[in-house]
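Peer 1: need coordinates for the following:
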Amino acid sequence: MKAARWHGVKDIRVEDVPVPSPAAGEVKIKVAWTGICGSDLHEYLAGPIFIPVGEDHPLSHDQAPIVLGHEYCGIISELGEGVTGLAVGDRVAIEPIFACGTCPACHEGKYNLCDSLGFVGLSGGHGGFAAYSVVPARMVHKMPDDLSMEQGALVEPAAVALHAVRMSKIKAGDAAAVFGAGPIGLLVVEALRVAGAAEIHVVEPSAVRRAKALELGATSVLDPAETDVVAAIREATGGVHVGFEVTGVPTVLPQCIDATRHEGQCLIVSIWEGEASFNPNTAVLKERQLQGTIAYRNVYPAVMALMLQGYFSADKLVTKRIALDDIVTEGFDALVAEKSQVKILVEAPE
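Peer 2: Okay, the predicted model is just below:
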């Protein structure tokens, strides 16, 4: 079968690989759609970050070259021995977290903080940029009948956004700022609406993405190339209760901190390619809080329930649909060159 595999920086190849078969406790999935994630783009441009190179990942027992793709959905085509509660033909969204189940975080149920955290399609395993995938049965969530398969590919990134907002201190009626209106930033805007934020100010250089943020419920949008965004946000709000950093750009982190009020919170959602600096006094003198967030836990059912209410809509967020053969030129390279792109979905080959 065809699959897109990461071999190195700017070296993703569509190759023929064996069709995987499910072992005991696993399911085989005919992949439908897979989204290109910002994490995938980081691996393409500056990896390895999550991808194991030269040594197997402790949970996937895999290393580069690996099949990419962790934002995906499909239809179960085969059940491994001992799998119950699922059936061939079930439409499923994949929660792609590898967790050991034995470290302190896993014992607390916080499996996204596992000491050996990994992701199918980043840390090895049978990723979604392929015709078929095999994953442990615990990773699949049955989709409601009324959700399209395209929506299924958005459950994973929407889960990142909803978990971030749940981890924040935001309360109904509060003001928030979102730095970065890429796919996750836009999903955070929607999750903030769910949480009852009264004001949502979005900072984004792309005019197309600023317009999309307004469409999804942002109160205002700011172009950092033309505006002192911290001054503008503070003038409008006196400082937001929570600022969400969703760019991974080092110069943005101190802006996000400075945009918050006294006792405000800066929630760091991005995955970083390198270091970022800020003056700790900006946190100390206003008793601000910095918090990180990674992935999600126990949130897929809530995401799909919100999708049934119209949130996290594929019709509004997907800007391009491409074939697997075109994943580099029309996918990764397009995301680098065209900041108007939001979410690109890749259709699985037969």
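Peer 1: residues contacting the closest residue to Ala232 other than its chain neighbours?
Peer 2: Once flanking residues are discounted, Ala232 sits nearest to Leu222: 5.6 Å by CB to CB, 6 or more residues apart in numbering. C-beta here means a position set from N, CA and C on the backbone, and glycine is covered the same way. Residues counted as contacts of Leu222 (CB atoms under 8 Å, 6 or more residues apart in numbering) are 201-204, 229, 232-233.
Peer 1: can I get these in a markdown table including secondary structure?
Peer 2: Output for the contacts of Leu222, formatted as a markdown table (DSSP: H, G, I helix; E, B strand; the rest coil):
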| residue | secondary structure |
| --- | --- |
| His201 | strand |
| Val202 | strand |
| Val203 | strand |
| Glu204 | coil |
| Val229 | helix |
| Ala232 | helix |
| Ile233 | helix |
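Peer 1: between those residues, which sits nearest Glu347?
Peer 2: Glu204 (27.9 Å; CB to CB).
Peer 1: ok, now how distant is the residue nearest to Ala232 from Phe179?
Peer 2: Shown here: Leu222 relative to Phe179, a distance of 10 Å by CB to CB, to the nearest Å.
Peer 1: intersection of neighbour lists for these two?
Peer 2: Val203.
Peer 1: quickly find the element holding the nearest residue to Ser340 once chain neighbours are set aside.
Peer 2: Leaving aside its chain neighbours, Ser340 sits nearest to Val208 (3.8 Å; criterion: CB to CB, 6+ apart). Element membership for Val208 (DSSP states H and E) is helix 207-215.
Peer 1: quick check: mean pLDDT of that helix?
Peer 2: Averaged over helix 207-215, pLDDT sits at 96.
Peer 1: what's that helix packed up against?
Peer 2: If you count contacts as 3 or more CB pairs under 8 Å, 6 or more residues apart in numbering; DSSP states H and E, helix 207-215 packs onto helix 183-195, strand 220-222, helix 314-317.
Peer 1: got the contact list for it?
Peer 2: Outside helix 207-215, the residues that touch it by CB under 8 Å, 6+ apart are 178, 181-182, 185-186, 189, 202, 204, 221, 223, 316-317, 339-340, 342.
Peer 1: now do stretch 104-123
Peer 2: Residues outside stretch 104-123 that contact it (CB under 8 Å, 6+ apart) are 39-40, 43, 50-52, 57-60, 62, 66-70, 72, 94, 96-101, 103, 124, 126-129, 133, 135, 139, 163, 294-298.
Peer 1: start and end of that stretch, how far apart?
Peer 2: End-to-end distance of stretch 104-123: 21 Å, with CA to CA, to the nearest Å as the criterion.
Peer 1: how far is it from where the chain is centred?
Peer 2: Here stretch 104-123 is found 15 Å from its chain centre; the criterion is CA atoms, centre = their mean, to the nearest Å.
Peer 1: same thing with stretch 7-27?
Peer 2: On the basis of CA atoms, centre = their mean, stretch 7-27 sits 21 Å off its chain's mean C-alpha point.
Peer 1: do stretch 218-237 as well
Peer 2: Counting by CA atoms, centre = their mean, stretch 218-237 comes out at 25 Å from the chain centroid.
Peer 1: buried residues in that stretch, which are they?
Peer 2: Neighbour counts using 16 or more other CB atoms under 10 Å place 218-222, 224, 229-230, 232-234, 236-237 of stretch 218-237 among the buried residues.
Peer 1: with stretch 105-120 instead?
Peer 2: Buried residues in stretch 105-120, counted by 16+ other CB under 10 Å: 105-106, 111-114, 116-120.
Peer 1: got the buried residues of stretch 218-237 as TSV, with distance to Ala276 columns?
Peer 2: Putting the buried residues of stretch 218-237 into TSV (distance: CB to CB, whole Å) gives the following:
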residue	distance to Ala276
Ala218	24
Thr219	26
Ser220	25
Val221	23
Leu222	20
Pro224	16
Val229	17
Val230	16
Ala232	22
Ile233	19
Arg234	21
Ala236	25
Thr237	24
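Peer 1: which among those residues gets closest to Asp146?
Peer 2: For these, the minimum distance to Asp146 (CB to CB) is 27.1 Å, reached by Ala218.
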